[in-house]
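A.B. asks: Return a 3D structure for these sequence lines:
(chains A, B, C and D)
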Number of protein chains: 2
Amino acid sequence: MNDFATLSSVTHSSSTLSAELTNTLRDAIITGEIAQGTKLSETKMAKEFDVSRGPLREALRRLEGMNLIMHIPQQGARVVTLSRELILQLYDTREALESKAVALAAVKMTSQEIDELHREIDAQSKQMRENSGAFVPAESDYRFHEMVVRGSKNKVIERALIHEIYNLIKMFRYQNEFANTSSTNSLVEHRQIVYAIEQRDPILAEVTMKRHIVHARERIERRMSSN
Amino acid sequence: MNDFATLSSVTHSSSTLSAELTNTLRDAIITGEIAQGTKLSETKMAKEFDVSRGPLREALRRLEGMNLIMHIPQQGARVVTLSRELILQLYDTREALESKAVALAAVKMTSQEIDELHREIDAQSKQMRENSGAFVPAESDYRFHEMVVRGSKNKVIERALIHEIYNLIKMFRYQNEFANTSSTNSLVEHRQIVYAIEQRDPILAEVTMKRHIVHARERIERRMSSN
DNA sequence: AAATGCATAAATGTTGACATTTCATTGAAA
DNA sequence: TTTCAATGAAATGTCAACATTTATGCATTT
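C.D. replies: Alright, predicted model coming up:
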């Protein structure tokens, strides 16, 4: 099974207790340490983490905003359940947002930022050769996509993806071995995306990214049973 | 100036105090009753609404998730400021999400739901003739777009748009007369969108919606000074 | 006059207790 | 045996007080 340290989110001890709780719970949900569908009892969790229910409830409200938990008034919160349907909807949403993001990035990214993209996919290439891996390391894949999204300079898209979509996709991939990014095409596609950005060709960048995500979606759709 | 009752969000007295506060504050922010950039003092607001700070803070966390307020630890929350940049980014995001939504809707909407679309644009047409208006009534415009988005049957897109994008766009349009939807093209474009859905043509639906939103964005870009 | 530092006030963060609703259990009735 | 109602326990919602940090204002110094 995967290692907790693999997770990007670096739980950097935040200034407030409620922010720390948010990070802790987010990671626990993504890794499956707290299983899907689990009822999040405030009283139990308050005891477990040795905090009062106030900050805990605020953390739950934030996790709600990240789509990681569902809350029903007077009944409490449950960890979201990743149905096949939800996963495919996530990828459709990601396709729309990220293809737009890369089109913007092709215009807005600085050459320095493009250099960083190069370094990231070179690292991917190196890691795969050394580890004779058939998969792009998840962490590096996230970094690549987040760099592109940030490159769009569109804060609304950035927040939607990083705050409300990627966490759920990380959760899905972390808890499903088969969902990891295949190397065969992914690295090639990453190179194509960087090329399009480098050419300052937003349309090429857009269709390339769209195809990249559609491919991922198709792989998942094939390998995923009903659920 | 506009009337508060014009606002769609029907503050239906929710089960919990914190949910009611969320709705009340959301509407107050959208209408500008609480101005952009205003510091939201917890102590003052608790007195004003005669509630304790607990539920109030939870409401603030939720408004944060709706992108209506910005929160800085140890410093408090401020109402978001709608810069020209943010507005244009909102429309870019909307373009990506809503064009994908309508493509899905063209496949997934039931004929009954399509009928409802027809009724809505017929009502728009009628209202404009009767009121000799040069603008599609904002409420009706929102209803139309929300029906399309719901028709996509994609909960992720639906939540992103309705929960985190539309509120900000409503806020912008409510507080800027010039930002209202012009009738000249909008109604025609709405009819084109419905036609494409009716034809079950996702590609046509997508490009039609994209153009519709790009037009709106262009109108705003022209009429908006620097800011 | 401007800048620095201290003391006070006020705001946010956190806690524990109270209120109300929901859930589980038990017992009675059909 | 099954269903329903009542009772008690536990959970969520709310409140008021305490703790800690930030902001304000005044005095002092350069």
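A.B. asks: contacting residues around the residue nearest in space to the middle of chain A?
C.D. replies: Centroid-nearest residue in chain A: residue A:166, 2.4 Å away (criterion: C-alpha atoms, centre = their mean). For residue A:166, the contact set (C-beta atoms under 8 Å, 6 or more residues apart in numbering or on different chains) comprises A:142, A:145, A:146. Every C-beta, even on glycine, is put in place using the N, C-alpha and C of the backbone.
A.B. asks: any idea which of those residues is closest to chain B?
C.D. replies: Using C-beta to the nearest C-beta, residue A:145 comes nearest to chain B of the contacts of residue A:166, at 15.5 Å.
A.B. asks: Mind telling me what element the closest one is part of?
C.D. replies: helix A:138-151 (DSSP states H and E).
A.B. asks: still on that earlier bit, right, and the helix or strand after the strand or helix carrying the residue nearest to the centre of chain A?
C.D. replies: Element membership for residue A:166 (DSSP H and E) is helix A:166-175. Past helix A:166-175, further along toward the C-terminus, the next helix or strand under DSSP H and E is helix A:183-198.
A.B. asks: which outside residues touch that following helix?
C.D. replies: Contact partners of helix A:183-198, identified using C-beta under 8 Å, 6+ apart, comprise A:102, A:105-106, A:109, A:114, A:117-118, A:121, A:124-125, A:128, A:133-136, A:141, A:144, A:148, A:151, A:204-205, A:208-209, A:211-212, A:215-216.
A.B. asks: Those residues of chain A touching DNA strand D, which are they?
C.D. replies: Listed as neighbours of DNA strand D in chain A under the rule C-beta under 7 Å from any atom of the strand: A:15, A:39-44, A:53-54, A:57, A:73-77.
A.B. asks: ok, back up a step: could I have the CA atoms of the helix holding residue A:166 written out in CSV?
C.D. replies: Written as CSV, here are the backbone C-alpha positions of helix A:166-175 (Å, rounded to 0.1, in the frame of the first residue of the first chain):
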residue,chain,number,x,y,z
TYR,A,166,-7.8,17.6,-7.6
ASN,A,167,-8.3,16.5,-3.9
LEU,A,168,-11.0,14.1,-5.0
ILE,A,169,-8.9,12.8,-7.9
LYS,A,170,-6.0,12.3,-5.6
MET,A,171,-8.3,10.4,-3.2
PHE,A,172,-9.5,8.2,-6.1
ARG,A,173,-6.0,7.5,-7.4
TYR,A,174,-4.5,7.0,-3.9
GLN,A,175,-7.2,4.4,-3.0
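A.B. asks: Let me know the pLDDT of the residue of chain A most remote from its centre.
C.D. replies: Within chain A, the residue lying farthest from the chain centre (C-alpha atoms, centre = their mean) is residue A:74, at 30.6 Å. On pLDDT, residue A:74 comes in at 95.
A.B. asks: do residue A:57 as well
C.D. replies: For residue A:57, the model assigns a pLDDT of 98.
A.B. asks: before we move on, what about residue A:124?
C.D. replies: For residue A:124, pLDDT reads 85.
A.B. asks: Now it. Nearest residue, chain neighbours left out?
C.D. replies: Residue nearest to residue A:124 in three dimensions, not counting chain neighbours: residue A:140, with 5.0 Å by C-beta to C-beta, 6 or more residues apart in numbering or on different chains.
A.B. asks: what ranges do the strands span in chain A?
C.D. replies: A:39-40, A:69-72, A:76-79 (DSSP state E).
A.B. asks: Is it correct that the residue nearest to residue A:124 is in contact with residue A:120?
C.D. replies: Yes: with contact defined as C-beta atoms under 8 Å, residue A:140 reaches residue A:120; the gap is 6.4 Å.
A.B. asks: number of nearby residues for the residue of chain A found nearest DNA strand C?
C.D. replies: When scored by C-beta to the nearest atom of the strand, chain A has residue A:54 as its residue closest to DNA strand C, at 2.2 Å. By the criterion of other C-beta atoms under 10 Å in any protein chain shown, residue A:54 has 16 neighbours.
A.B. asks: show me what contacts it?
C.D. replies: Contacts of residue A:54 (C-beta under 8 Å, 6+ apart): A:18, B:54, B:57.
A.B. asks: Show the contacting residues for the first one.
C.D. replies: Meaning residue A:18. A:54, A:55, A:56, A:58, A:59, A:62.
A.B. asks: let's go with 7 Å and repeat that
C.D. replies: Counting by C-beta atoms under 7 Å, 6 or more residues apart in numbering or on different chains, residue A:18 touches A:55, A:58, A:59.
A.B. asks: what about residue A:212, distance to chain B?
C.D. replies: Separation of residue A:212 from chain B (C-beta to the nearest C-beta, to the nearest Å): 16 Å.
A.B. asks: same thing with residue A:90?
C.D. replies: Relative to chain B, and taking C-beta to the nearest C-beta, residue A:90 is found at 6 Å.
A.B. asks: How many residues are close by that residue?
C.D. replies: 25.
A.B. asks: Quick one: low-confidence residue ranges for chain A.
C.D. replies: Chain A contains residues with pLDDT under 70 at A:1-14, A:132, A:226-227.
A.B. asks: Show me how it divides into domains.
C.D. replies: Listed by automatic domain parsing, the domain ranges of chain A are A:4-79, A:84-223.
A.B. asks: For those domains, state which one has the densest average packing.
C.D. replies: Stretch with highest mean neighbour count among those: domain A:84-223 (a mean of 18; mean count of other C-beta atoms under 10 Å in any protein chain shown).
A.B. asks: What is the biggest helix by length in chain A packed up against?
C.D. replies: Ordering each helix of chain A by length in residues (DSSP state H) puts helix A:84-108 first. If contacts are counted by 3 or more C-beta pairs under 7 Å, 6 or more residues apart in numbering or on different chains; DSSP states H and E, helix A:84-108 sits against helix A:138-151, helix A:155-159, helix A:166-175, helix A:183-198, helix A:202-223, helix B:84-108, helix B:155-159.
A.B. asks: any bit of the second one sitting next to chain B?
C.D. replies: Yes: part of helix A:155-159 sits close enough to chain B to count as contact by C-beta under 7 Å from any C-beta of the partner chain, namely A:155, A:156, A:157.
A.B. asks: follow-up on the earlier one: so which of the strands of chain A gets nearest residue B:94?
C.D. replies: Smallest distance to residue B:94 across the strands of chain A (C-beta to C-beta): 25.2 Å, for strand A:69-72.
A.B. asks: For the closest one, what is the distance to the chain centroid?
C.D. replies: How far strand A:69-72 lies from its chain's middle: 20 Å, per C-alpha atoms, centre = their mean, to the nearest Å.
A.B. asks: Run me through the strand neighbours of it, direction for each.
C.D. replies: strand A:76-79 (antiparallel) (DSSP bridges).
A.B. asks: Say whether DNA strand C is contacted by the strand it pairs with.
C.D. replies: No: remark: strand A:76-79 sits outside contact range of DNA strand C, by C-beta under 7 Å from any atom of the strand, the gap being at least 8.2 Å.
A.B. asks: can you list contacts of that strand?
C.D. replies: Here strand A:76-79 has contacts from A:29, A:34-41, A:60, A:69-71, using C-beta under 7 Å, 6+ apart.
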